[in-house]
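> fold the following for me, if possible:
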Amino acid sequence: MTTSSSNTLFLRHFPITCVDTPQTNALSPSLSRSSPAKRSGPSPPLLALGMLQWGTTPVDNSIINGSRGILTEAEAREIYQAFRSRGVVLFDTAEGYGGGTSEKRLGLLQEEERKEAYKIGKKKIIVGEDDSATVATYATEDAATDEVTFENNMSHTHKNIIIMTKFLPVPWRFTHAHFENALRASNKRLGIKTCPIYLLHSPMHLFRAVEYWVESAAICKKKGLLEAFGLSNCNSDEVRKAVKAGEKFGVPVVVNQVHYSLLDFNSRALQEMKRTCDELNVFIIAYNSLGQGLLTDNLTKQKFASNKPAKMMGIGWDDLTPLRTALREIADAHGCTADGNVARTMAQVALAWCRAKGTIPLVGCRSKDQAEDTLASLSLHLSPEEVAALDTLAMKKCTLDSPSWRRKVFVILAGLVMVTCRWLDRSHPTLA
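Coordinates of the predicted model:
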């Protein structure tokens, strides 16, 4: 691991998680080789909450989220609080999600949490409950008499959350200034001064190479606008180039967020990317870890007939059945959750498999029930035999195998949606 990488907020948390907790029973080299600085307290779980569907514009209501509509403020708060109550610190959004309205939601929820922690902590100091975990974590003796110092200490709650948001490299953005302005706008929507991890949403620009955007990130790091840089949808060669550029320009490249699930695992491009990330100590954030619902109990043969992701990937019901059967059998073999109240689900097994591969699953939830089911996966640990059985049945429908022209077209379309959402956000009141 490079020296520059070892000081990021992300790596201060997660090397400890990976070596000290039983959550990963088949760690990748990228997670097990690191030498983290010591920190007190429990390590956060290997899980991230994704906010793709948290936008609040009419486009999100009618197109992005389909018939389900947008999340209400109450629903978003319940989901966020459920994840925070289990110690989850990783939260993923992007300027392109709802044209930035997803970022606004996350910023407001963080601010609510910080204020609540301040209020509770201050009350406990006033009444003398100085043995509480809250006071021990967030306060000092001086804080009881110095409100400014106390408020600074309370900001630990805010800083302890690791936000990942993303820059979309559309063709009409091609300078360092475009990158910096986008980052400043994201930070403003999130209510932060420094973004913990700022990701390049795609390496597919019409003429700018990934190294150019790494240099942009290094410029912004010197200005205190970001702490670390991340990648998204990058293959092995792109990861290698980005890390080398990061070492040259002085900014750590710490994550690659990619499709990583049992639908992708046996892709040669994915396997090569994984080996490169392991070699260079780049963490993999596994999005689409549930295969857009194809690896969950909710899918039936009738629902599958109209499933758009399956059609786009060219997956037939018979192709998917052996894998789904294995997921169900493993879930049944593990019985109920630790409290004995809830039966194990296929989704929990799929997420446990991702963690067993040394990745951090990124999950989007639309209800508190979905959030609780996702969080229940943290207590599920697969045996090496179960992991191997799933490996054998895994498919190879990886987006990294898509031709570059298709990936570039996707970025342009995403950019047009982002611009539309921003216009709607300015001209229409929120629908949430």
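
> what about the strands in the stretch 1-150 of the chain?
Along the stretch 1-150 of the chain, the segments classed as strands by DSSP state E, counting those that start in this stretch run 48-50, 90-92.

> L106 is nearest to which of these?
With C-beta to C-beta as the criterion, L106 lies closest to strand 90-92 of those, at 5.9 Å. C-beta: built from backbone N, CA, C; applies to glycine.

> what is the closest one packed up against?
Identification of packing neighbours for strand 90-92 by 3 or more C-beta pairs under 8 Å, 6 or more residues apart in numbering; DSSP states H and E yields strand 48-50, strand 162-167, strand 283-287, strand 360-364.

> for M395, find the nearest of the ones you listed.
Nearest to M395 among the helices and strands packed on strand 90-92 is strand 283-287 (14.9 Å), distances taken as C-beta to C-beta.

> following the closest one, which helix or strand comes up?
Elements were assigned by DSSP states H and E; along the chain past strand 283-287, the next helix or strand is helix 301-304.

> how far away from the center of its chain is that following helix?
29 Å (C-alpha atoms, centre = their mean, to the nearest Å).

> begin at 59 from now on, thanks
Done: numbering now begins at 59, and the last item shifts to helix 359-362.

> average pLDDT across that helix?
Taken as a whole, helix 359-362 has an average pLDDT of 89.

> hmm, who's touching that helix?
Defining contact as C-beta atoms under 8 Å, 6 or more residues apart in numbering, one finds that helix 359-362 is touched by L352, A368, W375, L378.

> same question, stretch 294-311
For stretch 294-311, the external contacting residues (C-beta under 8 Å, 6+ apart) are 60, 62-63, 65-66, 69, 258, 261, 267-269, 272-273, 275-276, 279-280, 284, 286-289, 292, 314, 327, 330-331, 333-335, 338, 340.

> grab the nearest non-local neighbour of F141.
L107 (4.9 Å; C-beta to C-beta, 6 or more residues apart in numbering).

> bridging residues for that neighbour?
Per DSSP bridges, the residues bridged to L107 are F149, V421.

> that one reaches I137, doesn't it?
Yes: at 7.2 Å, L107 counts as touching I137 under the criterion of C-beta atoms under 8 Å.

> can you read off the pLDDT for A194?
Reported pLDDT at A194 in the predicted model: 35.

> now the helices for the stretch 159-308 of the chain?
Counting by DSSP state H, counting those that start in this stretch, residue ranges of the helices within the stretch 159-308 of the chain are 159-184, 191-196, 205-212, 214-218, 234-248, 268-280, 294-307.

> adding distance to L448 and mean neighbour count, write those out as a markdown table.
What follows is the helices of the stretch 159-308 of the chain, written out as a markdown table (distance: least, C-beta to C-beta, whole Å; neighbours: other C-beta atoms under 10 Å):
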| stretch | distance to L448 | mean neighbour count |
| --- | --- | --- |
| helix 159-184 | 32 | 19 |
| helix 191-196 | 38 | 16 |
| helix 205-212 | 44 | 15 |
| helix 214-218 | 33 | 16 |
| helix 234-248 | 36 | 18 |
| helix 268-280 | 32 | 21 |
| helix 294-307 | 23 | 20 |
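
> spatially nearest residue to G108 (excluding sequence neighbours)?
Counting by C-beta to C-beta, 6+ apart, the nearest residue to G108 once its immediate chain neighbours are dropped is G422, at 4.3 Å.

> should've said L378
Nearest residue to L378 in three dimensions, chain neighbours excluded: L352, at 6.3 Å (C-beta to C-beta, 6+ apart).

> and the gap between that neighbour and T252?
When distances are taken as C-beta to C-beta, to the nearest Å, L352 and T252 turn out to be 37 Å apart.

> the two: which is more packed in?
For L352 versus T252, neighbours defined as other C-beta atoms under 10 Å are more numerous around L352 (24 against 17).

> dihedrals phi and psi, that one?
Backbone torsions of L352, given as degrees, to the nearest 10, read phi -70, psi -20.

> what's the offset of the helix or strand where D377 lies from the middle of its chain?
Assigned by DSSP H and E, D377 falls within helix 375-391. Between the mean C-alpha point of helix 375-391 and the mean C-alpha point of its chain there is a distance of 26 Å (C-alpha atoms, centre = their mean).

> just the residues contacting that helix, thanks.
Contact partners of helix 375-391, identified using C-beta under 8 Å, 6+ apart, comprise 320, 352-353, 355, 357, 359, 362, 368, 401-404, 406-408, 440, 444, 447-448, 451-453.

> can you check stretch 233-243 too?
Contacting residues not belonging to stretch 233-243 are listed as 153, 158, 225-226, 231, 253, 256, 271, 273-275, 277-278, 281, 283-284 [C-beta under 8 Å, 6+ apart].

> how near is V228 to V147?
Distance, V228 to V147, using C-beta to C-beta: 30 Å.

> an error on my part: the question was meant for E161.
With distances defined as C-beta to C-beta, the gap from E161 to V147 amounts to 17 Å.
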